[in-house]
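Peer 1: sequence and computational prediction follow.
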Amino acid sequence: MDRATRDKLDSGISKLITFQPLYGEVFLHLNKIERKDLPTMAVGVIRRVDLALYYNPEFVQKLSVLELRAVLKHEALHILLHHLTRAKHFAYNPRGYNIAADMAINCHIEELPNGAIYPKTFSLEDNQSSEFYYEKLKKEAENQKKDIGDIADGLGETVDDHSLWNEFDDDIIEEKIRNISDKAIKEQEKK
């Protein structure tokens, strides 16, 4: 384990816990796992029943303090907005839904690093749901005679990875996410 990277990550999480508990509370309930095979950062499931924050130490080290905090907010919002379970529940194309979920989140976060996907990337309006963006991307893919998962080809490396959203126990993960969300909201209300 890279101690300097873990310290930087923990510092970013601590600032969120202190100043923006809605986001910070989420990370109190996630395992933190270093993964050099992931290009950036991700939330996902381990052992089919536990949630984790995965991070590439090189990615974390190249981020400024503000960028790191922004990416952590991004990951927290994937949990708070139930993106992991919504994608599976609605049987969305995973790659297409990941892009739609990122667009729904990113227009609300400042200081994201290069690679963040915004609604304007696809000439869409801000402040819509992931389902709204998914349907728009699906229609655009059909117009281009492409698979929705291929609609973002050529965009390059994104801010996070969503490949760990696949195999899990739906009921257990949904309940854990619901509990985390409830605790995060209560902590924010105290603030």
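Peer 2: All right, it came through fine. Numbers count the residues shown, from 1 in each chain.
Peer 1: where along this protein do the helices fall?
Peer 2: 3-19, 21-27, 57-62, 65-80, 83-89, 94-106, 130-143, 170-190 (DSSP state H).
Peer 1: got a list of what the residue nearest to Tyr118 when sequence neighbours are not counted touches?
Peer 2: Nearest residue to Tyr118, sequence neighbours excluded (Cβ to Cβ, 6 or more residues apart in numbering): Asn106, at 5.2 Å. Yep, even glycine has a C-beta here, placed from its N, CA and C like the rest. Counting by Cβ atoms under 8 Å, 6 or more residues apart in numbering, Asn106 touches His74, Leu112, Ala116, Ile117, Tyr118, Val159.
Peer 1: how close does Asn106 get to Ala70?
Peer 2: Applying Cβ to Cβ, to the nearest Å, the value for Asn106 to Ala70 is 9 Å.
Peer 1: anything in contact with each of those two?
Peer 2: Shared contacts of Asn106 and Ala70 (Cβ under 8 Å, 6+ apart): Leu112.
Peer 1: residue ranges in this protein under the pLDDT threshold?
Peer 2: Counting by pLDDT under 70, the chain has low-confidence residues at 1, 152-166.
Peer 1: centre-most residue in it?
Peer 2: The residue lying closest to the centre of the chain (Cα atoms, centre = their mean) is Glu75, at 3.5 Å.
Peer 1: excluding sequence neighbours, find me the nearest residue to that residue.
Peer 2: Distance criterion Cβ to Cβ, 6+ apart; nearest residue to Glu75, sequence neighbours excluded, is Val43 at 4.9 Å.
Peer 1: is it true that the one you found touches Leu81?
Peer 2: No: counting by Cβ atoms under 8 Å, Val43 stays clear of Leu81, with 11.2 Å between them.
Peer 1: those two: which is more packed in?
Peer 2: Shown here are Val43 and Leu81; by other Cβ atoms under 10 Å, Val43 has more neighbours (25 against 16).
Peer 1: gap between that one and Asp182?
Peer 2: Relative to Asp182, Val43 is positioned 18 Å away (Cβ to Cβ).
Peer 1: fine by me, we can end here.
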